[in-house]
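*Asks:* Sequence isn't available, so here's the structure alone:
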């Protein structure tokens with residue numbers, strides 16, 4: 001029974017009414033942004049667009065707005081992603097802008113080198129010639145070009161120029177030698193009249209004044225530091241002819257190194273000859289065709305800022321850039337691809353964690369009507385936004401750094417001033433596009449994961465380990481096998497692009513197989529204590545973030561180990577191939593006087609001065625065979641002749657076939673017995689046995705027998721193939737320096753085979769044998785038999801002591817050269833270590849942020865504060881240790897494949913090549929083993945130990 005109706009009480013709709021109203025409620029438009037705004041009129045479309053295109057554009061606009069909002073909300077993660085994308089963009093843009101500024105145009109090159117001069121002329125030939133429009137190439141009009149060697153006067157040059165022209169000569173390079181203490185220092189010098197405004201425009205005076213007298217010089221800042229002198233100071237000439245007075249500090253824009261400016265009058269003090277001479281010319285007008293023709297007719301070339309009318313068919317524009325080498329271009333692209341993959345692997349975990357933190361929001365989008373395409377676009381928009389912001393930030397910082405650091409780069413890297421302040425627009429656009437691509441690729445895997453997530457679990461805030469499909473493992477194994485085969489094939493063919501392609505495929509295969517490996521390791525966690533068990537479980541549950549971090553560490557370590565093994569093996573091979581030309585500790589003093597002819601100073605005088613600096617040492621004169629009445633432009637060479645029956649029957653063309661190579665390798669006549677010298681070159685000598693022991697290191701009994709043969713008028717060889725029936729045939733070739741072929745004669749001499757000592761090919765003639773062959777003995781210096789290898793300071797003092805009697809240069813055989821690869825190995829290890837620590841830190845921080853609820857649960861059940869530090873340490877250990885172990889294994893395997901393939905190729909080569917040994921750089925591996933411990937300790941130290949109890953949202 002119902003009561004009376006009361007109009008003051010509102011009518012309550014029935015349950016059916018509420019359901020009907022709910023059914024009539026408009027659903028939110030997934031393209032309306034992240035606020036879920038409801039539009040009763042239905043989804044709006046952009047005017048002018050319709051259908052699928054309009055829906056796509058609207059969806060991307062909404063996704064980009066959501067990404068922009070999310071970037072502001074998750075500032076820490078945004079800063080992390082921006083840093084990892086912006087850093088490589090900064091480096092690449094810095095290099096691109098610096099390269100563009102350093103790539104001078106022809107006008108800039110002319111301005112730096114020639115200052116205010118209108119043209120530069122060079123008198124290069126005695127006969128008429130043709131030239132290109134830039135004056136860089138020239139050739140004779142008829143016959144062969146006859147080089148101009150006679151001195152050229154200023155009047156002779158100005159006589160060929162239009163009336164009113166003015167010329168000034170510049171010697172672009174002359175040797176400038178000074179003595180600082182016991183050392184002789186050689187610097188580059190330029191001889192020019194800086195009191196003349198024309199040459200004066202080529203330099204910048206930093207302090208002091210320009211030199212005017214013949215004993216005055218101006219030096220660059222680098223030369224002043226090297227000489228230890230200031231303006232007003234003096235330095236001693238190396239030949240003892242006096243002192244040079246430094247009157248100014250100058251800068252040559254085209255050479256910022258150690259350079260000295262001399263006056264034309266001072267040129268005679270350093271050298272009778274000048275090198276690379278030209279004339280700076282101030283013309284009353286522009287160079288025309290008549291002037292170019294007149295100069296070329298006298299053997300003079302002319303160059304200007306713009307092409308001169310040479311009358312030859314040639315391109316008068318700026319030289320076009322040559323097409324890039326396909327191999328070099330492919331190598332660059334592949335190496336850049338490896339770098340891009342590394343950035344993607346480092347940035348990927350941040351996007352993966354971002355997707356997991358936003359799974360409720362993405363689930364709401366799905367409930368509101370968003371399909372998987374919309375969800376993928378929302379996540380990919382994160383990559384577009386952050387990639388674009390990282391590119392903009394990196395470009396801004398890179399260009400700013402390039403402009404700011406330009407003076408330092410010019411001085412310490414380029415050695416010359418750059419051109420105008422400009423950027424490289426095409427390169428910067430490509431770099432920015434690659435940065436955005438890196439962001440999109442890093443967000444691709446999380447986007448695919450977000451599109452497949454369970455909507456109900458996302459709304460409830462639950463998460464579960466995503467199922468890992470076996471096809472990824474199969475794909476990873478397949479790519480690894482293909483990469484191994486490609487690297488093996490490329491190494492066998494010496495094809496660097498194919499090797500890099502194989503390495504990239506193998507690395508991608510390991511990346512795809514890493515999630516499965518993480519799952520297998522997680523199963524072993526049940527045997528471990530709680531902290532590492534939780535760390536392995538989290539890595540397995542969060543494979544989308546843990547797998548890229550492990551892969552990034554693996555890629556960096558694998559590349560470092562593979563390259564380190566190759567560098568160490570190559571260094572070991574070079575040391576094994578090293579063959580001294582002299583016994584270690586011996587010293588050669590080559591004469592360095594200007595004419596290089598004439599007798600040597602008295603031996604007792606030289607011995608006295610050498611012993612005063614090097615201790616008790618035997619000083620022995622050295623001589624080489626020379627032609628009697630030798631033409632200054634000709635030469636005379638002496639070589640032993642192989643008997644016909646001992647000559648290798650195969651020629652260079654035959655070696656290209658595998659069958660002939662196998663026959664040549666099996667033929668003892670084709671196997672060289674002597675090794676190639678790595679130390680100072682020692683030519684054929686003329687000696688009576690006095691210096692034979694010093695230069696050969698042979699045992700005493702052999703030296704006695706060899707000396708007897710030499711004093712009997714014979715010759716000594718070290719290769720047994722040249723000695724037949726106790727005789728040696730010597731071939732002498734004489735050339736006059738002209739176009740006629742050299743004349744050859746042979747002489748048969750008594751011979752002796754020196755079996756002991758250094759295994760190098762050497763021929764020693766006795767004075768009588770040289771005279772019999774129509775040769776003369778030309779003294780070239782001294783050999784010094786020291787008891788121990790002298791120090792560099794002793795050598796400098798000995799050279800200085802001998803300079804008054806004979807200028808000499810010294811060469812010392814000190815043994816195998818020190819390895820130059822240690823800095824490279826350390827740099828590789830440091831680079832891989834930085835990436836390992838960074839990837840471990842990023843992954844650990846993201847795991848800590850993601851596992852905040854788990855930490856709260858641990859605190860609620862009574863876990864001690866120390867557990868959080870131990871847990872962070874174990875999480876970093878999973879990333880660093882697993883990645884480093886995989887990287888070391890992959891790097892060693894890659895290096896083994898490459899070295900084995902190269903050695904197989906060398907085994908079939910002729911002449912025989914020394915194979916590469918497999919040398920493991922333990923120093924690099926030691927660093928890489930310690931790095932995971934550093935990452936773990938860092939994670940443990942920088943993690944707060946307090947476990948805050950948070951209220952669970954679900």
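*Replies:* Thanks, I have the structure now. In this text, all values refer to a predicted model and were calculated from it rather than measured experimentally.
*Asks:* mind showing which ranges of the stretch 51-200 of the chain have poor pLDDT?
*Replies:* Residue ranges of the stretch 51-200 of the chain with pLDDT under 70: 51, 182.
*Asks:* quick one: the helices in it?
*Replies:* Taking DSSP state H, counting those that start in this stretch, the helices of the stretch 51-200 of the chain run over residues 51-73, 75-102, 106-114, 154-159, 197-200.
*Asks:* Please identify which of those is closest to residue 284.
*Replies:* Across these, the minimum distance to residue 284, taken as Cβ to Cβ, is reached by helix 154-159, at 12.1 Å. For every residue, glycine as well, the C-beta is placed using N, CA and C.
*Asks:* packing partners for that closest one?
*Replies:* Applying 3 or more Cβ pairs under 8 Å, 6 or more residues apart in numbering; DSSP states H and E, we find helix 154-159 packed against strand 166-180, strand 275-282.
*Asks:* Now that residue 776 has come up, it's in contact with residue 770, right?
*Replies:* Yes. Counting by Cβ atoms under 8 Å, residue 770 is a contact partner of residue 776 at 6.8 Å.
*Asks:* which ones are touching the closest residue to residue 416 other than its chain neighbours?
*Replies:* The spatially closest residue to residue 416, leaving aside those adjacent along the chain, is residue 254, at 5.1 Å (Cβ to Cβ, 6 or more residues apart in numbering). Applying Cβ atoms under 8 Å, 6 or more residues apart in numbering to residue 254 gives the contacts 109, 112, 113, 416, 417.
*Asks:* just the residues you listed now: which is nearest residue 241?
*Replies:* Closest approach to residue 241 among the contacts of residue 254 (Cβ to Cβ): residue 113, at 30.6 Å.
*Asks:* Columns mean neighbour count on top of the helices of the stretch 51-200 of the chain, output as TSV?
*Replies:* Output for the helices of the stretch 51-200 of the chain, formatted as TSV (neighbours: other Cβ atoms under 10 Å):
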stretch	mean neighbour count
helix 51-73	17
helix 75-102	20
helix 106-114	18
helix 154-159	14
helix 197-200	19
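*Asks:* for these, which one sits closest to residue 628?
*Replies:* Smallest distance to residue 628 across the helices of the stretch 51-200 of the chain (Cβ to Cβ): 37.7 Å, for helix 154-159.
*Asks:* out of residue 776 and residue 770, which sits in the busier spot?
*Replies:* residue 770 (28 against 17; other Cβ atoms under 10 Å).
*Asks:* After the helix or strand encompassing that one, heading C-terminal, what element do we hit next?
*Replies:* Taking DSSP states H and E as the criterion, residue 770 maps to helix 767-772. Where DSSP H and E defines the elements, the next helix or strand beyond helix 767-772 is strand 775-785.
*Asks:* so for that next one, what's the average pLDDT?
*Replies:* In this model, strand 775-785 has a mean pLDDT of 88.
*Asks:* Next: stretch 666-677.
*Replies:* Rounded mean pLDDT across stretch 666-677 is 71.
*Asks:* do the same with stretch 258-271
*Replies:* 85.
*Asks:* likewise stretch 524-533?
*Replies:* Stretch 524-533 shows an average pLDDT of 78 in the prediction.
*Asks:* is it true that residue 931 touches residue 876?
*Replies:* No. Counting by Cβ under 8 Å, residue 931 does not reach residue 876; the two are 11.0 Å apart.
*Asks:* In terms of neighbours, single out the busier of those two.
*Replies:* Neighbours were counted for residue 931 and for residue 876 using other Cβ under 10 Å; residue 876 has more, 31 against 25.
*Asks:* so where does the more buried one fall, helix or strand?
*Replies:* Using DSSP H and E, residue 876 falls within helix 866-907.
*Asks:* helices or strands up against that helix?
*Replies:* Helix 866-907 sits against helix 470-492, helix 496-523, helix 530-541, helix 543-577, helix 822-850, helix 852-860, helix 922-941, with contacts defined as 3+ Cβ pairs under 8 Å, 6+ apart.
*Asks:* How is this protein divided into domains?
*Replies:* Segmentation of the chain into domains, based on automatic domain parsing, reads 111-304, 465-576+820-941, 587-647+664-812.
*Asks:* out of those domains, nearest to residue 453?
*Replies:* Set against residue 453 and scored by Cβ to Cβ, these come closest in domain 465-576+820-941, at 8.4 Å.
*Asks:* how far is the closest one from where the chain is centred?
*Replies:* How far domain 465-576+820-941 lies from its chain's middle: 24 Å, per Cα atoms, centre = their mean, to the nearest Å.
*Asks:* For my notes, confirm residue 590 occurs in a strand.
*Replies:* Yes. Counting by DSSP: H, G, I helix; E, B strand; the rest coil, one finds residue 590 located in a strand.
*Asks:* what's the closest non-adjacent residue to it?
*Replies:* Closest residue in space to residue 590, ignoring its immediate chain neighbours: residue 781 at 4.4 Å, by Cβ to Cβ, 6+ apart.
*Asks:* pretty sure residue 357 contacts residue 74?
*Replies:* Yes. When contacts are counted by Cβ under 8 Å, residue 357 is listed as touching residue 74 (7.3 Å).
*Asks:* More neighbours: which of these two?
*Replies:* Legend: neighbour count by other Cβ under 10 Å for residue 357 and residue 74, higher for residue 74 (19 against 16).
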